[in-house]
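Chemist: after the sequence you'll find the predicted model.
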Amino acid sequence: MTALLGASVAQPRTIRIARPAITTAQWQRRYVLRAALLDIAVGLVGALLGLLRFEAGRTGIPYLVLTVLLPVAWLLSLAVCRAYEPRFLFVGNDEYRRVTNAALWLTALLVGSSYAVNFELARGYVLITLPVTALGTLAGRHLLRHRLHLARARGECMRPVLVMGYERAVAGLCGQLQRLPHHGMKVVGALLPADRIRAGALSDVGVPVVGSFDDAAEAVARTGADTVAVLACPELDAQALRRLAWKLEKSDTDLIVAPALMDAAGPRTTIRPIDGLPMLHVEHPELTGARRVVKTLIDRFMAALILVLLAPVMVIIAVLIRRDSPGPALFRQVRVGQDGQPFTVYKFRTMQDSAEARLAALLEKDEGNGVLFKMRLDPRITRIGRTLRRYSLDELPQLFNVLSGRMSMVGPRPPLPSEVELYVPDTLRRLAVKPGMTGLWQVSGRSDLSWEESVRLDLRYVENWSLTSDLVILMRTLGAVLRPSGAY
């Protein structure tokens, strides 16, 4: 191959990657087994709690039978809804969505069966057992995934991947996977077109070039990769991909085809075959409609509920702020909302009342992302302010913005007018939805994010939002506010 490429082309080195002690198939089987055992235990706990609901004197034999059978039925429901398939586990919202679907199907089956056999099933049993089982399973799956992500941050439980494509596209994908190890893909080598192989290619992302497109099967054997990711390029047309799939089939190597690196995923993308050719159909994001109305209603209900529950805490915080330094307890600032409409955002004051006047003297010490001023040890922050920022308690008054309909519980970060003036046309897409109290930026690093990464996360949310993803982000927010990283 080198002779055909000419003397100017460097011959790829023979790369041998150290094989992991546990293969992908092994740790995936262990993960699924743990999930199944956890689901059975949660189902049993839910059934027992439902059983304890009954009054003395009520015959409990049918419910004892239900208590024994429910964990098995729950396991089968999850299996039927494909909640144990590896492609739906480990990352993303599909796993949680399938658990929810399993709960709905089991509820319908239980109620329908009791009606069919003329058995008067107590509503209390259903209303206790099934919600406890579903919520317990969701919480357990979240904990399992959290443990897996911690292991992946240490370089464990990763899938070795070979990437095929042009240098720029390969480098982009490698950079994303390195920044986000929880996806579980470790690039062990790259395959480039034969005429583009050169010494030092992709060295900036630390990925060796192990051959050309024709060397895919041999490179899989050398590197121990169990997945080949193909990026869009003219050389890999339908016929070439078909031949590649035949080669990889012999070694049971997974083939992933990425038509383009774009932030559209989940329910927005579907495969529609046309005369045997798989076409990736991308739906428009749902920026209006019934689900948006439901999201608004949920936002306002949650904001009202949290305000009622935390009203005493907010009063105490306001008193502490007033005692710590002179000035009002609330800080008001103009931000830009949906469709570029300005509004006043409310926060607890965390800085001295003269903070704005002292900003110019601190600009040279900016540690932010190049657009927003951030300083880890900002002398303007008060003592109580540091604690409020540490746990994001300063943002609690934004619940009033949510209640008024100007903000959402989950969404892009509300930008300053000065930020919006610097937006390029693509960045204006952030303003297509309401800004949120929390979002992907909050659970992914907060102030530690670069400007480009912050924009990318906000755009990803706008393009792929769903009620399920909002729930997941809200659950992850609790862990984010308890971590000190990015909170300054």
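Modeler: Right, received. Where do you want to start?

Chemist: gap between the residue nearest in space to the middle of the chain and residue 70?
Modeler: Central residue of the chain (C-alpha atoms, centre = their mean): residue 92, 5.6 Å from the mean position. For residue 92, the distance to residue 70 (C-beta to C-beta, to the nearest Å) stands at 28 Å. C-beta coordinates here come from the backbone N, C-alpha and C atoms, glycine included.

Chemist: equivalent analysis for residue 397, please.
Modeler: Distance from residue 397 to residue 70, by C-beta to C-beta: 44 Å.

Chemist: more neighbours, the two?
Modeler: residue 70 (25 against 21; other C-beta atoms under 10 Å).

Chemist: residue contacts, the more buried one?
Modeler: 43-44, 46-47, 129, 133 (C-beta atoms under 8 Å, 6 or more residues apart in numbering).

Chemist: cool, and residue 245?
Modeler: Residue 245 touches residue 255, counting by C-beta under 8 Å, 6+ apart.

Chemist: the helix or strand hosting it: how far from the chain's middle?
Modeler: Element membership for residue 245, per DSSP states H and E: helix 238-250. Here the centre of helix 238-250 is set off from its chain's centre by 32 Å, with C-alpha atoms, centre = their mean, to the nearest Å.

Chemist: equivalent analysis for stretch 309-321, please.
Modeler: With C-alpha atoms, centre = their mean, you get 32 Å for stretch 309-321.

Chemist: could you point out the helix or strand that follows the helix holding residue 245?
Modeler: Assigned by DSSP H and E, the successor of helix 238-250 is strand 254-258.

Chemist: need phi/psi at residue 408.
Modeler: Reported as degrees, to the nearest 10, the phi and psi values for residue 408 are phi -120, psi 160.

Chemist: same question but for residue 380, I mixed them up
Modeler: phi -80, psi -20.

Chemist: next, count neighbours for it.
Modeler: Neighbours of residue 380 (other C-beta under 10 Å): 17.

Chemist: buried ones in the helix ranked longest in the chain, by neighbour count?
Modeler: In terms of residue count, the longest helix belonging to the chain (DSSP state H) is helix 290-324. Neighbour counts over helix 290-324 (16 or more other C-beta atoms under 10 Å) mark 295, 298-300, 302-303, 306-307, 314, 317-318, 320-321, 324 as buried.

Chemist: helices or strands next to the helix or strand residue 36 falls within in the packing?
Modeler: Residue 36 is part of helix 24-51, with elements assigned from DSSP H and E. Under the contact criterion of 3 or more C-beta pairs under 8 Å, 6 or more residues apart in numbering; DSSP states H and E, helix 24-51 touches helix 61-80, helix 123-153.

Chemist: what about residue 173, distance to residue 209?
Modeler: 14 Å.

Chemist: also residue 141?
Modeler: 38 Å.

Chemist: the more surrounded of these two?
Modeler: Set residue 141 next to residue 209 and count neighbours by other C-beta under 10 Å: residue 209 wins out with 24 against 21.

Chemist: may I have the beta-bridge partners of that one?
Modeler: For residue 209, the beta-bridge partners are residue 190 (DSSP bridges).

Chemist: and residue 88, what does it touch?
Modeler: 82, 94-95, 98.

Chemist: give me the below-cutoff pLDDT ranges for the protein.
Modeler: In the predicted model, the chain carries pLDDT under 70 at residues 1-21, 53-61, 63, 117-119, 121, 260-267, 275-277, 354-377, 445-448, 482-488.

Chemist: quick one, domains of it?
Modeler: 2-14+158-261, 24-153, 290-482 (automatic domain parsing).

Chemist: wait, which of the ones you listed is closest to residue 279?
Modeler: Residue 279 lies closest to domain 2-14+158-261 among these, at 9.4 Å (C-beta to C-beta).

Chemist: centre of the chain to that closest one, how far?
Modeler: Going by C-alpha atoms, centre = their mean, where domain 2-14+158-261 is centred and where its chain is centred differ by 26 Å.

Chemist: ok, residue 169 to residue 230 distance?
Modeler: Distance from residue 169 to residue 230, by C-beta to C-beta: 10 Å.

Chemist: which of these two has more residues huddled nearby?
Modeler: residue 230 (22 against 17).

Chemist: let's verify that one: helix, strand, or coil?
Modeler: strand (DSSP: H, G, I helix; E, B strand; the rest coil).

Chemist: next up, the contacts around it.
Modeler: Residue 230 touches 164-165, 236, 241, 244, 255-258, counting by C-beta under 8 Å, 6+ apart.

Chemist: gap between it and residue 191?
Modeler: On the measure of C-beta to C-beta, residue 230 and residue 191 end up 9 Å apart.

Chemist: joint contacts of the two?
Modeler: With C-beta under 8 Å, 6+ apart as the test, residue 230 and residue 191 both reach residue 164.

Chemist: buried stuff in stretch 421-428?
Modeler: Buried-residue list, stretch 421-428, by 16+ other C-beta under 10 Å: 423, 427.

Chemist: on that earlier part again, residue 346 is nearest to which of the helices and strands packed on helix 24-51?
Modeler: Across these, closest to residue 346 is helix 123-153 (C-beta to C-beta), at 31.0 Å.

Chemist: tilt between the closest one and helix 61-80?
Modeler: Using axes from the mean of the first three to the mean of the last three C-alpha atoms, to 10 degrees, the inter-axis angle of helix 123-153 relative to helix 61-80 is 40 degrees.

Chemist: centre of the chain to stretch 325-341, how far?
Modeler: That offset, for stretch 325-341, works out to 29 Å (C-alpha atoms, centre = their mean).

Chemist: okay, buried residues for it please.
Modeler: 325, 327, 329, 331, 335-338.

Chemist: quick one: which of those residues is nearest residue 455?
Modeler: residue 336 (14.2 Å).

Chemist: how much space separates the closest one from residue 429?
Modeler: For residue 336 relative to residue 429 (C-beta to C-beta), the value is 13 Å.

Chemist: try residue 296
Modeler: 20 Å.

Chemist: repeat for residue 465
Modeler: From residue 465 over to residue 429 (counting by C-beta to C-beta), the distance is 12 Å.

Chemist: neighbour count winner among those two?
Modeler: Neighbour tally, residue 465 and residue 429, criterion other C-beta under 10 Å: the higher count belongs to residue 465, 27 against 16.

Chemist: number of residues surrounding residue 452?
Modeler: 11.

Chemist: ok, now how distant is it from residue 476?
Modeler: 22 Å.

Chemist: can I have the buried ones of the contacts of residue 230 as a ChimeraX selection?
Modeler: Buried subset of the contacts of residue 230, written as a ChimeraX selection, criterion 16+ other C-beta under 10 Å:
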select :164,165,236,244,255,257
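
Chemist: starting at the chain centroid, how far to stretch 27-36?
Modeler: 21 Å.

Chemist: ditto for stretch 23-39
Modeler: 21 Å.

Chemist: check stretch 415-424 too.
Modeler: On C-alpha atoms, centre = their mean, the centre of stretch 415-424 falls 26 Å from that of its chain.

Chemist: now swap in stretch 295-311 and tell me
Modeler: That offset, for stretch 295-311, works out to 23 Å (C-alpha atoms, centre = their mean).

Chemist: buried set for the strand or helix carrying residue 168?
Modeler: Taking DSSP H and E as the definition, one finds residue 168 inside helix 167-179. The neighbour-count check on helix 167-179 (16+ other C-beta under 10 Å) flags 167, 169-171, 173-174, 177 as buried.

Chemist: possible to save those residues as a markdown table with distance to residue 110?
Modeler: Listed next are the buried residues of helix 167-179 as a markdown table, based on distance: C-beta to C-beta, whole Å:
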| residue | distance to residue 110 |
| --- | --- |
| 167 | 56 |
| 169 | 50 |
| 170 | 51 |
| 171 | 53 |
| 173 | 45 |
| 174 | 48 |
| 177 | 43 |
